[in-house]
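**Q** this is a predicted model, with the sequence first.
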Amino acid sequence: MEELHAAAYAYYDRGNEDTRRVAYDFFRSMDTDGDGRISYAEFNDFVQQSGYNWILHNDPNLFAKLDRNRDGGLDFQELLTFYYIIKTRYITCQGCRAHLCGLYFTCVECFDGGAANYYYHHHQYPTYDLCAACYGNANYIHQHSYFLDNHVLLRSKRGPPHARPNLAMAVAQQNPLVITNNYYVNQAAPQIQRNR
């Protein structure tokens, strides 16, 4: 959740005046009693009335997670995280239903066909995402088998489409090149390459 807090505030802090105004207006619209903080009752009323009740169904402790200082209410910065979540993403693990904040695994085929899948099957997820525990323990049933973590998936989009990474490289011993007298030397197989 800390990464989401940081991202939400960074977007707000670096955003233009319109972005900041809309975020503050969102806060004020939820603060129905005008006391400068969002109580659980105000939060729950908003979630139920605006159609975001699925968020609390998936994570009944979301309010407590947003309340960083544990004072029982959400100040503007804490509510920015909720605003960021509902405006940009709310990703849940398809295995255990946990909210995915950091590293998670995504089915590459579903990701690549996400827009089409969502258009024709809007009641289903446009992507198929899993927490590391569910992916590692095979706690899921899915028709595809090619998953990448969200960071590798993003990086893979720079290369050829559907290029499968060599996961053996993640555990294989790597022999670094060492610079010696302006030459690169591979210590495992001493082949000299001239540094240009």
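**A** Received the coordinates, thanks.

**Q** and the strands in this structure, which stretches?
**A** 38-39, 73-74, 105-107, 129-130, 147-149, 177-180, 183-186, 192-194 (DSSP state E).

**Q** which strands or helices does the fourth one pack on?
**A** Strand 129-130 is packed against strand 105-107, with contacts defined by 3 or more CB pairs under 8 Å, 6 or more residues apart in numbering; DSSP states H and E. Every residue, glycine included, has its C-beta placed from N, CA and C.

**Q** quickly run through the sheet partners of the strand it packs on, with directions.
**A** With DSSP bridges as the test, strand 105-107 is paired with strand 129-130 (antiparallel), strand 147-149 (antiparallel).

**Q** pull the contacting residues for the closest residue to Gln77 other than its chain neighbours.
**A** Of all residues not flanking Gln77 in the chain, Tyr9 sits nearest, at 6.1 Å (CB to CB, 6 or more residues apart in numbering). By CB atoms under 8 Å, 6 or more residues apart in numbering, the contact list for Tyr9 reads 77, 80-81.

**Q** check these for burial and list the buried ones.
**A** Among those, those classed as buried by 16 or more other CB atoms under 10 Å are 80-81.

**Q** name the nearest of the contacts of Tyr9 relative to Asp18.
**A** Leu80 (15.4 Å; CB to CB).

**Q** tell me the spacing between the closest one and Leu74.
**A** 9 Å (CB to CB, to the nearest Å).

**Q** now do Leu66
**A** With CB to CB as the criterion, Leu66 and Leu74 are 6 Å apart.

**Q** name the residues contacting each of these two.
**A** With CB under 8 Å, 6+ apart as the test, Leu66 and Leu74 both reach Phe82.

**Q** who are the neighbours in contact with Leu80?
**A** Leu80 touches 5, 8-9, 12, 23, 27, counting by CB under 8 Å, 6+ apart.
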